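In: Quick one: sequence and predicted model below, then my questions.
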Amino acid sequence: MNTQSSTETEIKTLLADLWKNHLPTTRERLDVLELAARSAKDGGILETQREEAQSVAHKLAGNLGMFGHKHAGEVASEIEEILKQPTSEELRQLPELTRQLREMLAPYLTSAA
């Protein structure tokens, strides 16, 4: 049992270190999504911006799940799905979804987390 808890501790430490190393990329990806959401809200998301935001949402969905942020990963997946072939109505959801995503991750976005 001691070996198992030691292994679990090592894994948690490794994941925490990986998360810290990945923080700059995660923050950048959230910024990309927020910029796309603002553009969508203003009625003018460019195709290149939509494609980049979709790719970023896909990457976030996978990464967040790996780091134990399951619900945030699900929101990122929802954003990705909207961006695949968005309607005007769906695009109006992006600002709220990106706000929720940022809010969920806020406690973990500092290097001390």
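Out: Arrived safely. Predicted model, so just to flag it, every value in this text is computed and none were measured.
In: and the helix or strand encompassing Lys20, which residues are buried?
Out: Using DSSP states H and E, Lys20 sits within helix 2-41. Within helix 2-41, the residues that qualify as buried are 19, 26, 29-30, 32-34, 36-37, 39-40, counting by 16 or more other C-beta atoms under 10 Å. Any C-beta I mention is one placed from the backbone N, CA and C, and that applies to glycine too.
In: That one packs against which elements?
Out: helix 47-66, helix 94-105 (3 or more C-beta pairs under 8 Å, 6 or more residues apart in numbering; DSSP states H and E).
In: what's the closest of those helices to Val75?
Out: Set against Val75 and scored by C-beta to C-beta, the helices and strands packed on helix 2-41 come closest in helix 94-105, at 4.8 Å.
In: So for that closest one, what gets flagged as buried?
Out: 94-95, 97-98, 101-102, 104-105.
In: which among the residues you listed gets closest to Lys84?
Out: The closest of those to Lys84 turns out to be Leu94 (C-beta to C-beta; 12.7 Å).
In: thinking again about what came up before, just send the helices and strands packed on helix 2-41 back as CSV, with distance to Leu83 too.
Out: Shown next, in CSV, are those (distance: least, C-beta to C-beta, whole Å):
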stretch, distance to Leu83
helix 47-66, 4
helix 94-105, 8
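In: got those helices as JSON lines, with mean pLDDT columns?
Out: Formatted as JSON lines, those follow (pLDDT from 0 to 100):
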{"stretch": "helix 47-66", "mean pLDDT": "94"}
{"stretch": "helix 94-105", "mean pLDDT": "95"}
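In: Out of those helices, the one nearest Leu14 is which?
Out: Judging the helices and strands packed on helix 2-41 by C-beta to C-beta, what sits closest to Leu14 is helix 47-66, at 11.8 Å.
In: Where does pLDDT dip in the chain?
Out: Where the chain drops to pLDDT under 70, the residues are 1-4, 111-113.
In: Pull the number of nearby residues for the spatially closest residue to Lys70 that is not a sequence neighbour.
Out: Nearest non-adjacent residue to Lys70, counting by C-beta to C-beta, 6 or more residues apart in numbering: Leu64, 7.7 Å away. When neighbours are defined as other C-beta atoms under 10 Å, Leu64 has 24 of them.
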